[in-house]
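Visitor: Provided below for reference: sequence and predicted model.
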Amino acid sequence: MRILLILAFLASVIPTFASAQELRVATVTRPPFSMEKDGESIGFSIDLWKALMIDMRRNSQVIRADTFPEMLNMVEKGQADAAIANISITAKRESRFDFTHPIFEGGLQIMVHSDANNAPSIWSALWSKELLMAIAMSFVALLGGGMVMWFFERKKQDYFNLPPHRALFPAFWWALNLVVNGGFEERVPRSVFGRLFGVLLVVSSLFIVSVVVAKITATLTIAGIQNSVNSVNDLQKKSVGTTVGSTASAYLDTREVRHRTYGDLDTLLAAFESRDLDAVVFDAPILSYYVNTEGMGKAELVGPVFLRENYGIILPPESPLAEPINQSLLRLREDGTYSKIYRKWFGVSDR
């Protein structure tokens, strides 16, 4: 009988002791999900975790990792009981860890510099290789046409009665006036071949002017299209960056978009701010937070959110915390606590 009483006592004490045991949760700086302010951890994920601990009547300690992979390794090595931030639920991670129910629905988006999609100026178009070639060819055509007219008219009028090296500019000037003004009345051709050639030049001048104008327009249009970024398809010839081991990096690999990877978000954003990168592909809510805070006036989001994904809390395989956390998450959604935390950090309802 005494043994039964002892066993009953232990059965009641052990769960109480276990519930009082402090949990270790790993995180990484990813505003607005997790960050530090005045030495205190804050953010959507942190507030949600605190609410879970209150609901579960557990104490916890926040351990901040320097990088995203380091945070995951803490859970894998038993240095943390869970990890929370903006952790996308993927098949690859599911093979290493257990996930709770989703805590947030996110996705990827593209961020570019605020001036990246501005239309190019007329001066930048004028300095394009294609347009400079077209202008050079026009000058050659004018000079060639003027010298042909010199050949026909050199013995018919004093204007063209010059040696070849001295006739270059007068001949070019005659052809330029013909194209611009439609004629050069003071220097009307007098020879038969000169008049025939003059008529041909007048007619062809209409096409020359049209070609040059069309070339300028086309150059501006093409430059505008090449400079703009509106989707992943526009990133092929851009300098693109994201973080190492992220779902964004995996997605860019599947689309065969060459990109650079950075160890943490701060390094990635620093590279963007220094213009080492033309675009950043990353979690939409994190980029949105940056654009509306530190990046205001310097960066903008383009295109819709793509590759929709859910974030979850990572746990070791077969963790006894999985079911209690899932039940607590459901209670927080049902009593409105989750919606209150969501509105605090994102300003809108989660519905």
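Guide: Done, it's in.

Visitor: in what helix or strand does the closest residue to residue 167 other than its chain neighbours lie?
Guide: Leaving aside its chain neighbours, residue 167 sits nearest to residue 150 (4.8 Å; criterion: C-beta to C-beta, 6 or more residues apart in numbering). Using the backbone N, CA and C atoms, a C-beta is placed for each residue, glycine as well. Here residue 150 is covered by helix 129-153, with elements defined by DSSP states H and E.

Visitor: just checking, what packs against the helix or strand just after that helix?
Guide: For helix 129-153, the following helix or strand on the C-terminal side (DSSP H and E) is helix 164-181. In terms of contacts (3 or more C-beta pairs under 8 Å, 6 or more residues apart in numbering; DSSP states H and E), helix 164-181 is packed against helix 129-153, helix 192-227.

Visitor: lowest mean pLDDT across the ones you listed, which one is that?
Guide: Per-stretch mean pLDDT for the helices and strands packed on helix 164-181 is lowest at helix 192-227 (a mean of 65).

Visitor: continuing past that helix, what's the next helix or strand?
Guide: Following the chain from helix 192-227 toward its C-terminal end, the next helix or strand by DSSP H and E is strand 240-243.

Visitor: who touches that following strand?
Guide: 68, 248-249, 252, 257-265, 268, 271-272, 276-282 (C-beta atoms under 8 Å, 6 or more residues apart in numbering).

Visitor: quick one: average pLDDT of that strand?
Guide: Looking at strand 240-243 alone, the average pLDDT works out to 96.

Visitor: what do you get for stretch 341-351?
Guide: Stretch 341-351 shows a mean pLDDT of 80.

Visitor: what's the answer for stretch 49-57, then?
Guide: Taken as a whole, stretch 49-57 has an average pLDDT of 96.

Visitor: now swap in stretch 286-295 and tell me
Guide: Stretch 286-295 carries an average pLDDT of 92.

Visitor: show me what the spatially closest residue to residue 104 that is not a sequence neighbour is bridged to.
Guide: When the adjacent residues along the chain are set aside, residue 104 lies closest to residue 311, with 4.2 Å between them (C-beta to C-beta, 6+ apart). In this structure, residue 311 has beta-bridge partners residue 88, residue 104, where bridges are defined by DSSP bridges.

Visitor: what's the per-residue pLDDT of residue 311 here?
Guide: The predicted structure scores residue 311 at 96 on the pLDDT scale.

Visitor: next up, the contacts around it.
Guide: The contact partners of residue 311, by C-beta under 8 Å, 6+ apart, come to 33, 85, 86, 87, 88, 89, 102, 103, 104, 105, 106.

Visitor: could you redo the last one with a cut-off of 10 Å?
Guide: With contacts taken as C-beta atoms under 10 Å, 6 or more residues apart in numbering, residue 311 has the following neighbours: 33, 44-45, 84-89, 99-100, 102-106, 283, 285.
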